[in-house]
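Participant: make a model of this:
(one chain, ligands or ions: 2)
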Amino acid sequence: MLSFDIRSLESQAAHVDGRLDTDDPVWEDGDVRPTTPIKVEGRLSSAGPSRFYFSGHISGDTAMACRRCLIDVGTSVSEDAHFIFSSEGDDSSDDPDVYPFDPNAHSLDLRPAVRELWLLSVPKFVLCREDCKGLCATCGRDLNEGACDCAPVVTDSRWDALRSVRSKLT
Ligand SMILES: [Zn+2]
Ligand SMILES: [Zn+2]
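Facilitator: Ligands and ions are numbered 1, 2, ... in the order given. The predicted model follows:
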């Protein structure tokens, strides 16, 4: 559960120990989803009128395709989380850490903030290993499993002429 009753939050801070499921409706098409539910732990407390503050941690696992050879690589994400929730529209618009919530709502939902932090925290790309040789551009063979029979890519000789001009200039 990542939803908290606002009335009771106003009188007492909540201990958060929840999960954001891999198939939660908060996920959108194109999101890098976790492969296991994201753990969300921390403390949610009132921070003045119509403001709440969450301080804690999120962690989870995901799988992404290696940038070079496209096999799935498991990646762990672990990130400190600090969210401010405000029902006042005015001061919240510029600050990326401030999440607006509906002043008429009865409960405060942490999921959109967790989703955003997760998406910011997953790596932009992964390699299965530092020296991954990738796939052959011609036949598609995984070159980590051995070389293929394709001819090596020949560099265009016109560039060589250009390079020699450049080397003279520098
Ligand atoms: Zn790879
Ligand atoms: Zn090849």
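Participant: which pLDDT value belongs to the residue nearest the centre of the chain?
Facilitator: When Cα atoms, centre = their mean is applied to the chain, the residue found nearest the centroid is L119 (2.5 Å). Model confidence at L119, given as pLDDT, is 96.
Participant: confirm it sits in a strand?
Facilitator: No - according to DSSP: H, G, I helix; E, B strand; the rest coil, L119 belongs to no strand; its state is helix.
Participant: how near is it to C69?
Facilitator: With distances taken as Cβ to Cβ, to the nearest Å, L119 is found 24 Å from C69. Yep, even glycine has a C-beta here, placed from its N, CA and C like the rest.
Participant: and the residue nearest to L70 when sequence neighbours are not counted, how many neighbours?
Facilitator: Leaving aside its chain neighbours, L70 sits nearest to L135 (6.9 Å; criterion: Cβ to Cβ, 6 or more residues apart in numbering). L135: 18 surrounding residues under other Cβ atoms under 10 Å.
Participant: with V40 instead?
Facilitator: Neighbour count for V40, taken as other Cβ under 10 Å: 25.
Participant: is it in a bridge, and if so with what?
Facilitator: G18, I58 (DSSP bridges).
Participant: surely it is in contact with I58?
Facilitator: Yes - using Cβ atoms under 8 Å, V40 makes contact with I58 at a distance of 5.3 Å.
Participant: what's the overlap in contacts for the two?
Facilitator: Counting by Cβ atoms under 8 Å, 6 or more residues apart in numbering, the residues touching both V40 and I58 are 20, 81, 114.
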